[in-house]
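Chemist: need a structure here:
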Amino acid sequence: MSSPSSQPVSPLRQRITKISYPYVARLHGMPKLTLPIITGVLALVGVFAPVPVAVPALILLALVLGWLAFLSWPAVTTGPKFLRIFSILVILLFAVSRIAGA
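Modeler: Below is the predicted model:
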């Protein structure tokens, strides 16, 4: 198996892709707004909820976005890769700022 860039795929990527397949297939079968709604709810909880609830929501949001970024990494160009990394870092930094401000 090889990625779109014709480079060999690492065993880790193969294993994570295989494990993720049922979850991605299930998400794909849901209404199109499901993932944006989940993302929005987690972000709103992270911004407005008390710190003990907000920080786990932000970390969960960063994990979900990181997982999706990992799965899509070989198929995207440099610009979208940068935006994925940047958005995850902003979410994690906001979580840290929520902890520091508590």
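Chemist: Pick out the residue nearest the middle of this protein.
Modeler: Leu65 (0.9 Å; CA atoms, centre = their mean).
Chemist: any low-confidence regions in the chain?
Modeler: 1-7, 102 (pLDDT under 70).
Chemist: how about a cut-off of 50?
Modeler: Counting by pLDDT under 50, the low-confidence segments of the chain come to 1-3.
Chemist: quick one, helices of it?
Modeler: Shown for the chain, the helices assigned by DSSP state H span residues 11-29, 34-48, 51-72, 78-101.
Chemist: Can you tell me which of these is most buried?
Modeler: helix 51-72 (a mean of 16; mean count of other CB atoms under 10 Å). The way it works is simple: take the backbone N, C-alpha and C, and place the C-beta from them, glycine included.
Chemist: Who are the contact partners of the residue nearest to the centre of the chain?
Modeler: 39, 84, 87-88, 91 (CB atoms under 8 Å, 6 or more residues apart in numbering).
Chemist: how much space between the nearest residue to Ile99 once chain neighbours are set aside and Val96?
Modeler: Excluding the flanking residues, the one nearest Ile99 by CB to CB, 6 or more residues apart in numbering is Val55, at 6.0 Å. From Val55 over to Val96 the distance is 9 Å, taken as CB to CB, to the nearest Å.
Chemist: Over to Ala62?
Modeler: Ala62 is 11 Å from Val96, by CB to CB.
Chemist: And for Arg15?
Modeler: Taking CB to CB, one finds Arg15 at 30 Å from Val96.
Chemist: do the same with Leu35
Modeler: In terms of CB to CB, Leu35 sits 25 Å off from Val96.
Chemist: Is Ala69 in contact with Phe86, as I believe?
Modeler: No - using CB atoms under 8 Å, Ala69 is not in contact with Phe86; the gap is 10.7 Å.
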